Each structure stands twice: as structure tokens, then as C-alpha cells.
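J.: Sequence first, then the predicted structure, then my questions.
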Amino acid sequence: MSVTVRVPAKVNVQLAVGAARADGFHDLANVFLAVSLYDEVTATPDADGLRVTCEGPDAGQVPLDRTNLAARAALALAERYGRAPDVHLHIAKDIPVAGGMAGGSADGAGALLACDALWGTGASRDELLALCAELGSDVPFSLVGGAALGTGRGERLTELQVGGDFHWVFALAARGLSTPAVFREFDRLGEGLDIPEPAADQAVLDALAKGDSAALAVAVTNDLQPAALSLFPELSDTLAAGRAAGALAALVSGSGPTTAFLAPDARSASDIAGVLRASGTCRDVRMASGAVAGASVV
Ligand SMILES: C[C@](O)(CO)[C@H](O)COP(=O)(O)OP(=O)(O)OC[C@H]1O[C@@H](n2ccc(N)nc2=O)[C@H](O)[C@@H]1O
Ligand SMILES: Nc1ncnc2c1ncn2[C@@H]1O[C@H](COP(=O)(O)OP(=O)(O)OP(=O)(O)O)[C@@H](O)[C@H]1O
């Protein structure tokens, strides 16, 4: 018997970042939108103990040891319920690795839900969310999906209403960016400046609720974008190419280096994707829409 869980990627339509806290993390006002790029995690009983395998275009960059977020999720659930983590976790990976789209977080949430179903642990939603928050700041959102405001370090979620589909094009970069390195660069660029408390922008929430792409395009912000561009200046060329192709908005996705382009409709998204592909400013191009549901058993 096996259980397969499908988990979406995310794009941040607002990412407001506060000053570094004493624990090194940053308080955020993080507006997440789940989009239709998916990883699948399959959990199968394995008498030999915990094992992780991965397939997909970026599989070579994914660690298969106990640092893999899927493995850490299985270990945390097994420990919580006092059982052996005897499971083979297979990840079919379509979300770019180290791309700022919460790929590892998706696998953590997926493994948690898959092992919960396989082992019949019957953990409550709140218990699962607490385990997710221990695994990483983005992991609770991977479980919940849809759209949500994340506060604290991004792990405390309030669900948001979404009134229509948003069409996106994502440009994948030639190399990854480390999330901690981008936050460190944010701190370096902000040295000596007064960093305001992060707060959700009502214009972003209203645009989501109305399903209004043009309104969302003028409201999107990402406080990590200057830091990502400082570490990866070539991303400016990708952003410019997407804007010239007719994107309503062009921004770095989360900590980057994936860049996200909001399109007025599915047809324009396809046109923008074609122009970006031909531009030579990125490794690959993907289209996706959102909001979509969070981690779910298939
Ligand atoms: C950039 C985002 O993807 C936006 O959604 C997230 O804030 C990052 O979430 P994540 O990858 O799940 O991050 P975590 O695994 O919790 O933390 C990785 C590292 O990112 C930095 N980090 C992360 C979240 C946060 N609110 N403040 C931080 O400073 C810390 O250096 C931390 O050690
Ligand atoms: N299941 C996993 N998939 C991909 N990377 C993983 C996984 N588990 C651990 N990692 C490690 O985490 C690093 C970051 O990968 P990930 O794809 O989660 O980045 P990200 O999408 O930028 O994250 P986020 O958007 O949440 O900040 C990788 O370089 C890899 O070493």
C-alpha cells in the first residue's frame, strides 16, 4: 500500500520584511498564493527504515539523506507518535530547487500528510500545522494552500479570500540562491536604516479578494528583491524581458532567483512565456495559475 500527496508551489504577492530578530529570523507580512506547479510525495512502507528517492529535472540537486525536508517530516511525525520511521519516500519533483517557490517546504508538508495517512496516526490539523512550523517557515502554507497571510516568521497563517484566477509565468534561473544568504544580504543593505514593522497591504488583500489582476499588479511588493538582485544582478535582465513582453507585473519570487510575471489572462501568459524563452535570460519557463488547493492525497 502507498499514499501519494500532491503539493503546490507558492509565489509571494507581498513580502514585507522587518528587522532581524534576536533569534536571527525576521518578522514578515507574507502574502502567499499557491500556484499550479506541483511536487508529488509517495510514501510506501519499507522494512529497512527511512529511504528517500527523487526524480525530475532538478533531482540531482536534492539531498537524499536525513536533511531532506521530506525525511525530516517523517522523522518528526514518527517521533511524535512513538513509532519507527520505516518508510520509502519518493519525490516526483517539478518545483524548481532553491528557486524561492517553497519546493523543499512542499515536500515536507507532503511527506507529513502522506505518512499520517499511511500510518493512520490521525494527527489533527493543528498538530500537523505545528509540526510543519517546526520544519520551516513556509511549510504550514504548503499544507494549507489557497492564499494566506503569514505573520511571525511566516508560519502563523490567516486564510485569505481569492475571487478569481491569477495567471503567472515563472522564469527559472541558471543557478539557485540560498534563502539565509538572501536574508543576510537584506540585513547588510538595511544597515543603519530604520526598518518598519511589516504590515499587510490592504490593496493586495482587496485585489486578491476581487480576483483583479491589474490591481494586484500595481500592489505586489517584495522586500527581498533588492537583496536577491544584489546577489544575482542578471535577474534584472529577466525582469526587463518579461515587462517588455507585456507582463502586468514582474518580480522576484520570494528569496529568488525564480522571477514571476503576472499576466492578464492565460493567452497572454503563453505569449509572455514564448518571449521569455527566446530571450536567453533564463534557463527555463513555466506557466501556472492560482490560487490552488494545498497538500492533498491523490
Ligand atoms: C523567503 C520565504 O520563502 C518567503 O515565503 C520564506 O520566508 C523562507 O521560508 P523557509 O525557506 O521555510 O525558511 P526557514 O527554513 O524557516 O529558514 C531558513 C532561513 O531563512 C531565514 N529566515 C527565514 C524566514 C524568516 N521569517 N526570517 C528569516 O530570516 C533564516 O536565516 C533561516 O535560517
Ligand atoms: N525535498 C527537498 N527538495 C529540495 N531541496 C531540499 C529538499 N530538502 C532539503 N533541501 C535543501 O534545501 C535547499 C533549498 O531548497 P528549496 O527548493 O526548498 O528552496 P526554496 O524553494 O528557495 O525555498 P523557500 O522558497 O521555501 O525559501 C536545497 O538547496 C536543498 O539543499
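T.: That came through, no problem. Ligands and ions are numbered 1, 2, ... in the order given.
J.: Run through the residues of this protein sitting next to ligand 2.
T.: By CB under 6 Å from any ligand atom, the residues of the chain that approach ligand 2 are 62-63, 67-70, 91, 97-105, 107, 138, 176, 179, 254-255. Bear in mind the C-beta positions are built from the backbone N, C-alpha and C, glycine included.
J.: got a pLDDT number for the residue in the chain that ligand 2 sits nearest to?
T.: Closest contact between the chain and ligand 2, by CB to the nearest ligand atom, is at residue 104 (2.5 Å). What the model reports as pLDDT for residue 104 is 97.
J.: So which elements touch the helix or strand hosting it?
T.: Using DSSP states H and E, residue 104 falls within helix 103-119. In this structure, helix 103-119 packs against strand 3-20, strand 26-45, helix 69-80, strand 87-92, helix 125-135, helix 139-144, strand 296-297, with contacts taken as 3 or more CB pairs under 8 Å, 6 or more residues apart in numbering; DSSP states H and E.
J.: so which of those is the most packed in?
T.: For those, average neighbour numbers computed from mean count of other CB atoms under 10 Å are highest in helix 139-144, which has a mean of 28.
J.: How far does it sit from its chain's centre?
T.: Taking CA atoms, centre = their mean, to the nearest Å, one finds helix 139-144 lying 9 Å from the centre of the chain it belongs to.
J.: And stretch 230-244, by the same measure?
T.: 20 Å.
J.: Is ligand 1 within reach of that stretch?
T.: No: using CB under 6 Å from any ligand atom, stretch 230-244 never reaches ligand 1; the gap is at least 13.3 Å.
J.: Could you verify my assumption that the residue of the chain closest to ligand 2 touches residue 69?
T.: Yes: judged on CB atoms under 8 Å, residue 104 makes contact with residue 69 at a distance of 4.4 Å.
J.: joint contacts of these two?
T.: residue 136 (CB atoms under 8 Å, 6 or more residues apart in numbering).
J.: Just give me the residue closest to the centre of the protein.
T.: Nearest to the mean C-alpha position of the chain, counting by CA atoms, centre = their mean, stands residue 102 at 2.7 Å.
J.: Having no further points to raise, I will conclude here.
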